[in-house]
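Undergrad: Sharing a model that was predicted from the sequence below.
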Amino acid sequence: MHLEQQLIQRLNDLSPIHLEVVNESSGHGGYFPGKESHFKVIVVSDAFEGLRLVQRHQKIYAAAGDLLSPGAIHALAIHTFLPSEWTGQATTSPDCAHAPKSD
């Protein structure tokens, strides 16, 4: 099973009302087709009720578990929201300093 599918499966344990998992590996150095190393997740869930941002991120890290290990997911951009906070806002990730250069 691909890393992206495994990550989706694990994050579904947080009972999200909205979940996006985006493979952003192509924007990073050393990319090749099929590479799965850099992801962005957007998770909207009641599971974050009463939690500070760092605690929400800790829940994501705990759910991802061993997927965040050498040879697996190298970087994970995390965007967490309560349903009352989520308005469909855009979430962007910073450009990678080692991204492939356009000619």
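TA: Ah, there it is. Numbering: from 1, shown residues only.
Undergrad: secondary structure class for the residue nearest the centre of the chain?
TA: In the chain, the centroid-proximal residue (Cα atoms, centre = their mean) is Val41; its distance is 2.8 Å. Secondary structure assignment for Val41 (DSSP: H, G, I helix; E, B strand; the rest coil): strand.
Undergrad: residues contacting it?
TA: When contacts are counted by Cβ atoms under 8 Å, 6 or more residues apart in numbering, Val41 touches 7, 11, 19-22, 60, 76-79. The C-beta positions use only the backbone N, C-alpha and C, and glycine is treated the same way.
Undergrad: one more time with 7 Å
TA: With contact set as Cβ atoms under 7 Å, 6 or more residues apart in numbering, Val41 has these partners: 11, 20-21, 60, 76, 78-79.
Undergrad: Find the residue ranges of this structure scoring beneath the pLDDT cut-off.
TA: Across the chain, residues meeting the criterion (pLDDT under 70) sit at 1, 26-35, 94-103.
Undergrad: show me where it has helices.
TA: 3-11, 53-64 (DSSP state H).
Undergrad: hey, C-alpha coordinates of the first one in PDB?
TA: Taking C-alpha atoms only, helix 3-11 is exported to PDB below (Å, rounded to 0.1, in the frame of the first residue of the first chain):
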ATOM      1  CA  LEU A   3       2.300   5.800   1.900                       C
ATOM      2  CA  GLU A   4      -0.400   8.300   0.900                       C
ATOM      3  CA  GLN A   5      -3.100   5.600   1.300                       C
ATOM      4  CA  GLN A   6      -1.600   4.500   4.700                       C
ATOM      5  CA  LEU A   7      -1.600   8.100   5.900                       C
ATOM      6  CA  ILE A   8      -5.200   8.600   4.900                       C
ATOM      7  CA  GLN A   9      -6.200   5.400   6.600                       C
ATOM      8  CA  ARG A  10      -4.500   6.400   9.900                       C
ATOM      9  CA  LEU A  11      -5.900  10.000   9.800                       C
END
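Undergrad: rewinding a little: tell me the one of the contacts of Val41 nearest Glu36?
TA: Nearest to Glu36 among the contacts of Val41, counting by Cβ to Cβ, is Val21 at 10.5 Å.
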